[in-house]
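**Student:** just coords:
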DNA sequence: ATTCTTGCTTGATCTACGTCAAATACGTGC
DNA sequence: GCACGTATTTGACGTAGATCAAGCAAGAAT
């Protein structure tokens, strides 16, 4: 169907999707075998918690399929999403014992896990794994800071437009174009989860999506299927500097 | 005066303040010498830009003295702070060429810089530097995510209280207690910069500080000098789970 | 002393978004 | 087909915080 679901057996990484190589892209065959030895798969049902904040976490790993979220919740129930995990995204903090956030499967999720202790030992022996992890963490930090601008300074409409463009970008595997060049993808979250992502209420999310639809910025088929006839227009609505053609 | 201004000559790190050892804490003497060879100091005047977003960045380093901020600005001028750099904090992204954000000196700043190329080479040879950087980056990511909860879900009053407790915590070097056990510190930012930190306007910042003062949560001497008679009370106002006694 | 400048406070009003409440749509099982 | 549960939309209204607009305080320059 597309490269993201292609197995990476050639990399010695079992049946993980290709970007899972994030961790083992430059490993030697013997290192890959060590990774395979400490690897296992787990599945989680939609709605179930993968980890609770504060739990001891004895693995690191990648999402193979499905969607998971990282969230923080205040005592009175207000919650803010702080991470969105799509297939191939990495979870876990080598060198840390506890989980800092709740990790929840919002759809059925399959994880590819590495037992943490041996993974950390492997890290010591194979410096490029540490480098790759540093790189991934810097990427996450960049994403978090972009997100902070969104949360602190953008209007509700800009937040929605930004979210749509972020999903279109990240979910590249699902990106398709119609004959006319319109961009097409599915929303991976409910309105409520989008609200938690954007620091809004679900009602405001719904209203702003309706408004963008009315103004012709997007089209909807059903509740989740989005068509973006003009991606640059969407970026304008998002208030982003038009870096423009990253999908050109 | 306090440990933060004590030189760390014993670590072979020149006259950098002690937490600068972040990078070189576990280095062998010969590695430290290599660090010294690629090290230089630079000063920046209050208000001047250290780096502009997008600039090539040919160094990494630590703040030795003064305060600097990381900010993002939208085309229409709305700005969001995404990082606050106090003495001993690290700046720079090994492996990345460009700066992602504006870095501004909000007071006179002295930086201790390492030339990036040789620093990266050193990183390859000394794995514990890479590990330390990963650890620091994970810390920053945690801080960013805490910050996201603040931006997305907290009220103005909670934001101010959170900010005060964060400063009290980070600025540990300046923490003092009065005879009665009240916590005392100085605000490192103007009201406007606080507003950029918190996703508010400077007027709202001012009003909420006044309100906290009126309610006895804090006392003020002048505009910047803060006295917190009861730190737990402040934490309650911040809406944080009372992890309580981190300063007990 | 006096004017300027910069940072801060306070007041009056406005508005974007939240809150509360009631439909509507879409499955899924019977 | 029909009942039921969940996700979503839409409406009416309230409010936290933004905006606009005056002051005020304290240091620096004249």
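**Tutor:** Here it is on my side, so go on. Bear in mind that the values here come from a model prediction, so they are computed numbers and not experimental data. Residues are numbered from 1 along each chain as shown, chains lettered A, B, ... in the order given.

**Student:** can I see the domain layout of chain A?
**Tutor:** Following automatic domain parsing, one finds the domains of chain A at A:3-149, A:155-238.

**Student:** hmm, what's the outermost residue in chain A?
**Tutor:** residue A:30 (29.9 Å; CA atoms, centre = their mean).

**Student:** and that one, what pLDDT?
**Tutor:** pLDDT recorded at residue A:30 is 77.

**Student:** now residue A:152
**Tutor:** As predicted, residue A:152 sits at a pLDDT of 98.

**Student:** how much space separates it from residue A:40?
**Tutor:** Per CB to CB, to the nearest Å, residue A:152 is found 40 Å from residue A:40. All C-beta spots, glycine's among them, are computed from the backbone N, C-alpha and C.

**Student:** ok, these two, which is more surrounded?
**Tutor:** Taking neighbours as other CB atoms under 10 Å in any protein chain shown, residue A:152 and residue A:40 compare with residue A:152 leading, 26 against 13.

**Student:** so that one sits in a strand?
**Tutor:** No. Per DSSP: H, G, I helix; E, B strand; the rest coil, residue A:152 lies outside any strand segment and is helix.

**Student:** quick one: it and residue B:151 touch, right?
**Tutor:** Yes. Counting by CB atoms under 8 Å, residue A:152 does reach residue B:151; the two are 4.4 Å apart.

**Student:** mutual contacts of these two, please.
**Tutor:** Jointly contacting residue A:152 and residue B:151 under the rule CB atoms under 8 Å, 6 or more residues apart in numbering or on different chains are B:198-199.

**Student:** any regions of chain A where pLDDT drops low?
**Tutor:** Where chain A drops to pLDDT under 70, the residues are A:1-27, A:172-175, A:242-248.

**Student:** next, the closest residue to DNA strand C within chain A: secondary structure please.
**Tutor:** Closest residue of chain A to DNA strand C, CB to the nearest atom of the strand: residue A:204 (3.1 Å). Here residue A:204 is helix, with the state taken from three-state DSSP.

**Student:** just give the number of residues close to it.
**Tutor:** 18.

**Student:** run through the residues that contact it.
**Tutor:** With CB under 8 Å, 6+ apart as the criterion, the residues that contact residue A:204 are A:156, A:195.

**Student:** separation between it and chain B?
**Tutor:** 13 Å (CB to the nearest CB, to the nearest Å).

**Student:** and if you look at residue A:106?
**Tutor:** Taking CB to the nearest CB, one finds residue A:106 at 18 Å from chain B.

**Student:** surely that residue touches residue A:192?
**Tutor:** No. With contact defined as CB under 8 Å, residue A:106 and residue A:192 do not form a contacting pair (10.1 Å).

**Student:** more neighbours, those two?
**Tutor:** residue A:106 (18 against 13).

**Student:** which residue comes closest to the more buried one once chain neighbours are left out?
**Tutor:** In space, and not counting its chain neighbours, residue A:106 is closest to residue A:67: 4.9 Å by CB to CB, 6 or more residues apart in numbering or on different chains.

**Student:** what's the local residue count around the one you found?
**Tutor:** By the criterion of other CB under 10 Å, residue A:67 has 21 neighbours.

**Student:** show me the contacts for it.
**Tutor:** A:84-86, A:105-107, A:109, A:188-189.

**Student:** pick out whichever of the residues you listed sits closest to chain B.
**Tutor:** residue A:84 (12.0 Å; CB to the nearest CB).

**Student:** C-terminal to the helix or strand containing that closest one, what's the next element?
**Tutor:** Assigned by DSSP states H and E, residue A:84 belongs to strand A:79-85. As assigned by DSSP H and E, the chain's next helix or strand after strand A:79-85 is strand A:90-91.

**Student:** spatially nearest residue to residue A:61 (excluding sequence neighbours)?
**Tutor:** What sits nearest to residue A:61 in space, not counting adjacent residues and going by CB to CB, 6+ apart, is residue A:113, at 3.7 Å.

**Student:** name the nearest residue to the most centrally placed residue in chain A, sequence neighbours excluded.
**Tutor:** Per CA atoms, centre = their mean, the C-alpha nearest to the average position across chain A is that of residue A:85, at 3.1 Å. Distances taken as CB to CB, 6+ apart place residue A:68 nearest to residue A:85, at 4.1 Å, with adjacent residues excluded.

**Student:** so how far is residue B:81 from the one you found?
**Tutor:** 29 Å.

**Student:** so those two - more neighbours on which side?
**Tutor:** residue B:81 (26 against 23).

**Student:** does the more buried one touch residue B:70 like I think?
**Tutor:** Yes. Using CB under 8 Å, residue B:81 makes contact with residue B:70 at a distance of 6.7 Å.

**Student:** next, residue A:160: secondary structure please.
**Tutor:** Under three-state DSSP, residue A:160 falls in the helix class.

**Student:** repeat that for the one 4 residues further on.
**Tutor:** Reducing the assignment at residue A:164 to three states with three-state DSSP gives helix.

**Student:** show me what contacts the closest residue in space to it that isn't next to it in sequence?
**Tutor:** Leaving aside its sequence neighbours, residue A:164 sits nearest to residue A:234 (CB to CB, 6+ apart; 6.1 Å). Counting by CB under 8 Å, 6+ apart, residue A:234 touches A:161, A:164-165, A:168, A:217-218, A:228.
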